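Asker: Provided below for reference: sequence and predicted model.
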Amino acid sequence: MKTIATCLLSTCLLLLFSCGQMMYLVDQKVVNGNEIPYQIKGKGPLLVMIHGGGLDRKMWTPQVKALSKKFRVLTYDIRGHGAYDLKDNSGYEIDDLKGILDALKPDKIYLVGHSLGSMLATDFVLAYPELVEKLVLISPPLSGFKKERPELIKLLERYNELMDKKDEANHSEEALEILTKIAHLGPNRKASDIDTEVYAYVKESLERHVKEELVFNAPVLKFEDHLSKIQLIKQSGLLIYGELDFQYIKDNATKLKQELPDVRIQAIEGAAHFA
């Protein structure tokens, strides 16, 4: 499966971070109010990768395969995703990652987030700056960014209309198409334009969220306005976005670059939000 910036992200991270040897650990669970599935592969500096909304930790499979040769790569399912057993939605979403890290006790982590995962990564680095060595944000939404996003708002309004009429024929199919456009295709591509394996994974993952009405529930953030605090981030790292993504994501990346001078920015040709 090829995902956004598979080769570029792997190469850049290998250049940014240090090295180690490889080993494998099986899936494990930590109880932090809920049962949180996570997996570790590799040996070396701890690299945490937070997946995007509507997906799960399997989205990182190609990156984990490459990066686990040099890093101890941690992936986990965020609330309401994958095999996460959600029993208590109180507390902040970053508490889940903190609970895993409290068990692992790393000195520092390298932190990567995609889309919703980048919001959680930003929330985490603001809450625990002493734990994060470097930061990578991919296709970043930005809490507190007030610029109009008409292309996204129109799609979300239609999605909400469909979910209000869920007893009508074909409502699920159109709702799924909207989510796939937002999370994967971008504003101008068709399914036939992209990798079939990646598309199948995204569609299958999002279909569950349509059926269970899980998508677009706001994450429980410690800091609701990231933009007002963004200059507190001192870590170096990367900002990555797809050239074919929605304009607001590209605007977010540009704004973050202006506020974070030690972070490099990289556009991916031929990619949208996810691939």
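Answerer: Done, it's in.
Asker: Show me where the protein dips below the pLDDT cut-off.
Answerer: Applying pLDDT under 70 to the chain picks out residues 1-32, 145-148, 166-170, 213-217.
Asker: Using CSV, write down the CA coordinates of the longest helix seen in the chain.
Answerer: The helix that spans the most residues within the chain, counting by DSSP state H, is helix 196-212. Extracted as CSV, the C-alpha positions of helix 196-212 are listed here (Å, rounded to 0.1, in the frame of the first residue of the first chain):
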residue,chain,number,x,y,z
THR,A,196,-6.6,0.9,-6.1
GLU,A,197,-5.2,-0.8,-2.9
VAL,A,198,-5.0,2.5,-1.0
TYR,A,199,-8.5,3.5,-2.2
ALA,A,200,-10.0,0.2,-1.1
TYR,A,201,-8.4,0.6,2.4
VAL,A,202,-9.7,4.2,2.8
LYS,A,203,-13.2,3.4,1.5
GLU,A,204,-13.5,0.3,3.8
SER,A,205,-12.3,2.3,6.8
LEU,A,206,-14.6,5.2,6.2
GLU,A,207,-17.6,3.0,5.5
ARG,A,208,-17.6,1.9,9.1
HIS,A,209,-17.6,5.5,10.2
VAL,A,210,-20.6,6.3,8.0
LYS,A,211,-22.6,3.4,9.3
GLU,A,212,-21.7,4.1,12.9
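Asker: What helices and strands are in contact with it?
Answerer: Other helices and strands packing on helix 196-212, by 3 or more CB pairs under 8 Å, 6 or more residues apart in numbering; DSSP states H and E, are helix 171-180. Just so you know, the C-beta spots here come from the backbone N, C-alpha and C atoms, and that holds for glycine as well.
Asker: who touches the helix it packs on?
Answerer: 54, 155, 158-159, 162-163, 165-166, 191, 199, 202-203, 206-207, 209-211, 215 (CB atoms under 8 Å, 6 or more residues apart in numbering).
Asker: can you give me the angle that helix makes with helix 196-212?
Answerer: Angle of helix 171-180 versus helix 196-212, following axes from the mean of the first three to the mean of the last three CA atoms, to 10 degrees, is 130 degrees.
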